[in-house]
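Undergrad: Provide a 3D model corresponding to the input given below.
(chains A and B)
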Amino acid sequence: MSTVDTVVRLAYLAAAVLFVAGLHLMNSPATARRGNRVSIAGMAVAMAATLLLVVDSGGGTALGWTIMIAGTAVGTGAGWAAARAVPMTAMPQLVSVFNAVGGGAAALVAVPELAPPAAGASVRVPAVLDLVIGAVTFAGSLVAAGKLQGLVPGRPVLVRGARVLGGGLAVAAAVCAGLLLAGSGGGVALAILAVAVLAAGVLLVLPIGGADAPVVISLLNACTGTAVAMAGFVVDSNVLIVAGALVGASGAILTGLMAAAMNRSLGAILLGGFGTGDEPA
Amino acid sequence: MSAGLLAALSVFVLGLLVGIEVIGKVPATLHTPLMSATNAIHGVILAGALLVTAVAGTAAEYAVGFLATAFAAMNVVGGYVVTDRMLGMFRPGSQR
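TA: Numbers count the residues shown, from 1 in each chain, chains lettered A, B, ... in the order given. Just a heads-up that it's a prediction; the model follows:
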C-alpha cells in the first residue's frame, strides 16, 4: 500500500467518525447545528481525500477533469441557489428533490460497470442493487416532492391496472437484472431495467397520500443511503459503504419514529389510499 | 469471496449497526432536520461520481460522469445548506 493510499484510507476513516459524531449531536436541539457542521467537516475531509486519490492514481484525462469541475460547479450552484431561495414552508419537498438527485447519482455510478463488457460478479451484484434502489428512489422522491409542491395531486392516485402494470414491470426488471447479474446482459437489458425501475418508483409513490409524504421521503432517504453503500462496493470505496450504511440504518429508524409520531403504521402508509394532501406537510 | 470483499462487507454491517444506535430519542421537532442531515451525508456519493468520471473513456461514460457529479454535488451542498437553515430556526437571534 502506497503512502498516499494509506493517507486516503485514514482520511476516509476520519470522515466516517465525523459523520457518526455529527449525527449523534443532532439528537438534541441544543447541539444539532454543531452536529451538522461536524458532518460538513467530515464531507470536506472525504472529498479532499477523494481528490488526492484521483490525482495519485494518474488522475483522469483533461476532459475528465473538466467534466469533474463542471459537474461539481453546476451541482453546487443549483443546490446552493435552491437551498437559499426556497421558503421555509417548502423545505420538505426540497429535501426530497435533493434525495432524488442523490439516488440518481448513486444509480448512475453503477451504469459504467453494468454496460458491456461485463465486470466481475463481485461488482455486478452490488451494481445491479445500486441501480435498482437508486433509480426507484430517484423517481419516487421526485413524485413525493411533486405531491408536496402540488405539481402532482396530493390525494392518493390510484392508477387503473396499477397491479398488472407493476407486475409487468417487476417481471421485465427481474429478467433484465438476471441477465446483467449473469454477465450476459447488454446495453439493451441495462436500458430496459433502468426504465422499468424508474416507472416502478413512480407507481410506488403515486398511491400514497400527500399527508404521508414526509414519512415516505424519509424512507426513500434511507433507500438512497443503501444505494450509496452499494455504490461503495462498486467503486471499492469504504467511505461510501460506511456513510451509506449509516444513512440507510439511521434513516430507517427515523422513518419508524416519524410514522409513530403521526400515529400511522408504515405498512398502511406504503399501501396508500390515505391523506387528502390538504394538511400542511 | 475475496478478503477485500469480506472486509467491505464487515464495514457495511458494522455501519448499519452504528446507524441504528446513533438515533436515540429524537424530539419530533428534530425529525425533519435529522432527515435532511442524513440526506446531505449520502451526498458523499460525490466521491463515487468523481472516481467514475476519472476513469471515464467514452462519450457515454463522460456524460454519465457529468450527470452523476452534478447530481451528487447538488445533494451535498443543497442538503447541508437546507439543514443549516432549518436548524438556524432553533436559535432565536441567529436566524439567517
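Undergrad: can you give me the helices for chain B?
TA: Secondary structure of chain B (DSSP state H): helices at B:3-22, B:31-41, B:45-54, B:59-88.
Undergrad: near chain A, anything from the shortest one?
TA: Meaning helix B:45-54. Yes. Interface with chain A: helix B:45-54 contributes B:Ile45, B:Leu46, B:Ala47, B:Gly48, B:Ala49, B:Leu50, B:Leu51, B:Val52, B:Thr53, B:Ala54 (Cβ under 8 Å from any Cβ of the partner chain). Bear in mind the C-beta positions are built from the backbone N, C-alpha and C, glycine included.
Undergrad: quick one: buried residues of that helix?
TA: B:Ile45, B:Leu46, B:Ala47, B:Gly48, B:Ala49, B:Leu50, B:Leu51, B:Val52, B:Thr53, B:Ala54 (16 or more other Cβ atoms under 10 Å in any protein chain shown).
Undergrad: OK, contacts around the fourth one?
TA: With contacts defined as Cβ atoms under 8 Å, 6 or more residues apart in numbering or on different chains, the neighbours of B:Gly48 are A:Ala105, A:Ala106, A:Val109, A:Val228, A:Ala231, A:Gly232, A:Val234, A:Val235, A:Ser237, A:Leu240, B:Ala68, B:Ala72.
Undergrad: looking at these, which is nearest A:Met1?
TA: Nearest to A:Met1 among the contacts of B:Gly48 is A:Ser237, at 15.2 Å by Cβ to Cβ.
Undergrad: picking up where we left off before, quick one, which of the helices of chain B is nearest to A:Ser218?
TA: That would be helix B:31-41 among those, by Cβ to Cβ, at 4.9 Å.
Undergrad: could I get the CA-only coordinates of that closest one as CSV?
TA: Only the C-alpha atoms of helix B:31-41 are listed here, as CSV (Å, rounded to 0.1, in the frame of the first residue of the first chain):
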residue,chain,number,x,y,z
HIS,B,31,-37.3,14.8,12.7
THR,B,32,-37.2,16.9,9.5
PRO,B,33,-33.7,18.4,10.2
LEU,B,34,-32.3,15.0,11.0
MET,B,35,-33.8,13.6,7.8
SER,B,36,-32.2,16.5,5.9
ALA,B,37,-28.9,15.9,7.6
THR,B,38,-28.7,12.2,6.7
ASN,B,39,-29.8,13.3,3.2
ALA,B,40,-26.8,15.5,3.0
ILE,B,41,-24.5,12.7,4.3
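Undergrad: tell me the angle of it relative to helix B:59-88?
TA: 150 degrees (axes from the mean of the first three to the mean of the last three Cα atoms, to 10 degrees).
Undergrad: quick check: buried residues in the helix or strand of chain A with the lowest mean pLDDT?
TA: Least confident element among the helices and strands of chain A, by mean pLDDT, DSSP states H and E: helix A:266-271 (a mean of 80). Going by neighbour count (16+ other Cβ under 10 Å), the buried part of helix A:266-271 is A:Leu266, A:Ile269, A:Leu270.
Undergrad: you'd agree the last one is up against A:Ile208?
TA: Just to be clear, that refers to A:Leu270. Yes. With contact defined as Cβ atoms under 8 Å, A:Leu270 counts as touching A:Ile208 (7.1 Å).
Undergrad: would you format the residues of helix B:45-54 next to chain A as CSV with pLDDT included?
TA: Listed next are these as CSV, based on pLDDT from 0 to 100:
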residue, pLDDT
B:Ile45, 96
B:Leu46, 96
B:Ala47, 96
B:Gly48, 95
B:Ala49, 96
B:Leu50, 95
B:Leu51, 94
B:Val52, 93
B:Thr53, 93
B:Ala54, 92
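Undergrad: format those residues as a markdown table; extra columns: distance to A:Val143.
TA: Listed next are these as a markdown table, based on distance: Cβ to Cβ, whole Å:
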| residue | distance to A:Val143 |
| --- | --- |
| B:Ile45 | 21 |
| B:Leu46 | 24 |
| B:Ala47 | 28 |
| B:Gly48 | 25 |
| B:Ala49 | 24 |
| B:Leu50 | 29 |
| B:Leu51 | 30 |
| B:Val52 | 27 |
| B:Thr53 | 28 |
| B:Ala54 | 33 |
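Undergrad: around chain B, which positions in the stretch 101-250 of chain A sit nearby?
TA: A:101-102, A:104-106, A:108-109, A:111-112, A:115, A:122, A:214, A:217-218, A:221-222, A:224-225, A:228-229, A:231-250.
Undergrad: buried ones only from these, please, as a PyMOL command.
TA: Buried residues among these (16+ other Cβ under 10 Å), as a PyMOL selection:
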select buried, chain A and resi 101+102+104+105+106+108+109+111+112+115+122+214+217+218+221+222+224+225+228+229+231+232+233+234+235+237+238+239+240+241+242+243+244+245+246+247+248+249+250
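Undergrad: rewinding a little: can you lay out the buried residues of helix A:266-271 as TSV showing distance to A:Gly154?
TA: Output for these, formatted as TSV (distance: Cβ to Cβ, whole Å):
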residue	distance to A:Gly154
A:Leu266	20
A:Ile269	14
A:Leu270	17
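Undergrad: distance between the helix or strand hosting A:Leu246 and the chain's centre?
TA: Assigned by DSSP states H and E, A:Leu246 belongs to helix A:238-261. Put simply, helix A:238-261 sits 12 Å off its chain's centre (Cα atoms, centre = their mean, to the nearest Å).
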